[in-house]
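Asks: After the sequence you'll find the predicted model.
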Amino acid sequence: MPFRRYTFVVTDSLTGPIRGVTIPMRPAIVVACVVVTLPVLIGVGAAWKAKADVAAVYATRDALEAENASYRAATVDLTGQIDALQSAINDIGARSALDPNVLRAMQKLPAFVKARAMGGGSAAESTPKPREEYTKALSALANPDDTFGMLRSLLESLESRLLVVRSNVEKRNKLAAATPSIWPSRGWLTSTMGDRQDPITGQADFHPGLDIAGDRGQPVYATAEGSVSQSAWENGYGNVVTIDHGFGLQTRYGHLLKAEVKAGAKVKRGDLIGRVGSTGRSTGYHLHYEVRANGKLVNPLQLLTQQKPRDQ
């Protein structure tokens with residue numbers, strides 16, 4: 001069946017010519033449908049694109065929120081580490097202060113005593129140097145994703161380093177407490193360590209310590225922190241107290257009228273341990289004082305931080 005055709009006639013009212021245009025029905029319908037549906041299709045496409053854009057925006061927002069939460073957690077973690085470092089620094093500062101007199105006495109201790117007290121340096125050497133970690137952290141700034149991780153590693157390295165320093169300070173403080181640095185009694189020095197004439201026989205003799213003359217019953221003090229290893233009678237020394245200070249250090253206090261401590265007692269620098277007497281091989285009231293390091297005699301005058309005996 002033939003398709004209908006429509007003819008459009010156009011006339012000019014002045015000249016009168018007639019022009020006609022014949023349009024088949026089917027193409028006309030197709031064109032009309034295209035004209036009607038094209039805006040609809042464009043609108044649908046725009047709507048789908050807008051929906052996809054909104055979804056992308058939401059996804060980006062979620063990712064940013066997750067990243068911000070991660071940064072906040074990292075910041076809290078770093079803040080905690082910084083506070084811990086500050087606390088460690090303050091603690092080390094408080095622990096590191098030493099009496100200058102004790103410090104001078106420590107410096108005159110035999111080298112093997114100081115080495116025994118401080119131990120090896122392997123722990124400090126195995127700890128990464130802060131400068132090296134700082135350089136690594138700077139190189140990581142080019143990649144923001146790794147910045148927090150590198151800063152955290154730097155802080156952990158510094159914290160480990162401070163722990164080593166704190167340990168060394170504690171060791172030094174223990175050695176300082178164990179260093180015989182004060183005069184054990186008030187009085188006047190009558191004999192030093194070294195060769196001398198024996199006061200009883202008159203023959204040449206070696207004196208292993210100091211003799212400090214004083215009044216009968218005058219206090220005798222521990223010259224450093226330690227543990228009493230002997231409090232008894234010993235020929236020649238009479239009543240004697242021996243204190244083990246650790247690190248191979250030992251002090252002896254002889255010719256005591258009596259001991260005020262027993263073996264096994266813990267004492268600190270300045271604690272009363274006895275009374276000046278004249279027991280044993282003695283010619284008068286005085287204190288005999290010795291210092292030994294790993295069993296070898298050390299001149300006590302090297303360690304005494306005052307110029308003369310004084311009350312403690």
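Replies: That came in fine, so what should we check first? Numbering: from 1, shown residues only.
Asks: where exactly do the strands run in the stretch 151-300 of the chain?
Replies: Assigned strands in the stretch 151-300 of the chain, in chain order: 188-191, 194-197, 204-207, 210-213, 219-221, 226-234, 238-246, 249-259, 266-267, 272-276, 286-293, 296-298 (criterion: DSSP state E, counting those that start in this stretch).
Asks: Which strands and helices lie in contact with the longest one?
Replies: For strand 249-259, the contact count by 3 or more Cβ pairs under 8 Å, 6 or more residues apart in numbering; DSSP states H and E identifies strand 226-234, strand 238-246, strand 272-276, strand 286-293 as packing neighbours. (C-beta placed from N, C-alpha, C; glycine too.)
Asks: now with 10 Å?
Replies: The contact analysis (3 or more Cβ pairs under 10 Å, 6 or more residues apart in numbering; DSSP states H and E) places strand 249-259 against helix 111-118, strand 219-221, strand 226-234, strand 238-246, strand 272-276, strand 286-293, strand 296-298.
Asks: Any chance of those in JSON lines with mean pLDDT, mean neighbour count and distance to residue 203 as columns?
Replies: Putting the helices and strands packed on strand 249-259 into JSON lines (pLDDT from 0 to 100; neighbours: other Cβ atoms under 10 Å; distance: least, Cβ to Cβ, whole Å) gives the following:
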{"stretch": "helix 111-118", "mean pLDDT": "89", "mean neighbour count": "15", "distance to residue 203": "33"}
{"stretch": "strand 219-221", "mean pLDDT": "97", "mean neighbour count": "22", "distance to residue 203": "29"}
{"stretch": "strand 226-234", "mean pLDDT": "97", "mean neighbour count": "17", "distance to residue 203": "22"}
{"stretch": "strand 238-246", "mean pLDDT": "97", "mean neighbour count": "22", "distance to residue 203": "21"}
{"stretch": "strand 272-276", "mean pLDDT": "97", "mean neighbour count": "22", "distance to residue 203": "26"}
{"stretch": "strand 286-293", "mean pLDDT": "97", "mean neighbour count": "23", "distance to residue 203": "18"}
{"stretch": "strand 296-298", "mean pLDDT": "95", "mean neighbour count": "15", "distance to residue 203": "20"}
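Asks: could those go into JSON lines alongside distance to residue 174?
Replies: Shown next, in JSON lines, are the helices and strands packed on strand 249-259 (distance: least, Cβ to Cβ, whole Å):
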{"stretch": "helix 111-118", "distance to residue 174": "7"}
{"stretch": "strand 219-221", "distance to residue 174": "20"}
{"stretch": "strand 226-234", "distance to residue 174": "11"}
{"stretch": "strand 238-246", "distance to residue 174": "7"}
{"stretch": "strand 272-276", "distance to residue 174": "20"}
{"stretch": "strand 286-293", "distance to residue 174": "16"}
{"stretch": "strand 296-298", "distance to residue 174": "19"}
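Asks: Throw the strands of the stretch 151-300 of the chain into CSV and include distance to residue 110, thanks.
Replies: Shown next, in CSV, are the strands of the stretch 151-300 of the chain (distance: least, Cβ to Cβ, whole Å):
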stretch, distance to residue 110
strand 188-191, 23
strand 194-197, 18
strand 204-207, 19
strand 210-213, 18
strand 219-221, 23
strand 226-234, 17
strand 238-246, 13
strand 249-259, 9
strand 266-267, 22
strand 272-276, 24
strand 286-293, 5
strand 296-298, 7
